[in-house]
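Enquirer: this one's structure only:
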């Protein structure tokens with residue numbers, strides 16, 4: 001009897017310890033339709049755009065403080081601006097977010113738009 005109880009207790013302990021690893025393998029949100037994939041793509045592109053803006057600001061600051069030579073600055077800035085143009089074109093090519101999207105409605109309300 002005590003052997004069976006110990007076996008059950010051991011099974012419970014193993015389940016509790018391994019549960020985070022088992023649960024991590026399952027996707028938290030499943031993307032099944034194109035609208036969700038577009039929203040995810042838009043989010044990724046906006047994050048990349050924001051990183052690029054920060055990089056441009058840092059480059060400008062480094063140039064203003066004399067850390068980067070004029071020729072190097074011009075080449076780096078040209079490359080970053082070209083990347084920015086590409087990102088903005090990709091964003092423009094995506095379909096507009098759905099009007100009934102609750103996240104977009106919340107953002108619109110915060111910006112003072114009608115949601």
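Expert: Structure's in. What do you need? On a predicted model such as this, the values are computed, not experimentally measured, just so you know. Numbering: from 1, shown residues only.

Enquirer: I'd say residue 84 and residue 51 touch.
Expert: No: look at residue 84 against residue 51 with CB atoms under 8 Å: they stay out of range, at 10.5 Å. Backbone N, C-alpha and C define where each C-beta goes, glycine included.

Enquirer: burial count for residue 14?
Expert: Neighbourhood size, residue 14 [other CB atoms under 10 Å]: 10.

Enquirer: and it, what element?
Expert: Using DSSP states H and E, residue 14 falls within helix 2-25.

Enquirer: Do me a favour and average the pLDDT over that helix.
Expert: When pLDDT is averaged along helix 2-25, the result is 74.

Enquirer: I'd like the next helix or strand past it.
Expert: Going down the chain from helix 2-25, the next helix or strand is helix 34-64, by DSSP H and E.

Enquirer: Residue 90 touches residue 45, doesn't it?
Expert: Yes: the pair residue 90 / residue 45 is scored as a contact, 5.6 Å apart, by CB under 8 Å.

Enquirer: Low-confidence stretches in this structure?
Expert: 1, 23-35, 97-101, 113-115 (pLDDT under 70).

Enquirer: What separation do you get for the residue most central in space within it and residue 91?
Expert: When CA atoms, centre = their mean is applied to the chain, the residue found nearest the centroid is residue 44 (4.7 Å). As for residue 44, its distance to residue 91 is 10 Å (criterion: CB to CB, to the nearest Å).

Enquirer: And for residue 106?
Expert: Counting by CB to CB - residue 106 and residue 91 are separated by 20 Å.

Enquirer: between these two, which one's more packed in?
Expert: More neighbours surround residue 91 than the other of residue 106 and residue 91, with 14 against 11 (other CB under 10 Å).

Enquirer: so what's the more buried one closest to, chain neighbours aside?
Expert: Among residues not flanking residue 91 along the chain, residue 45 sits closest, at 5.1 Å (CB to CB, 6 or more residues apart in numbering).
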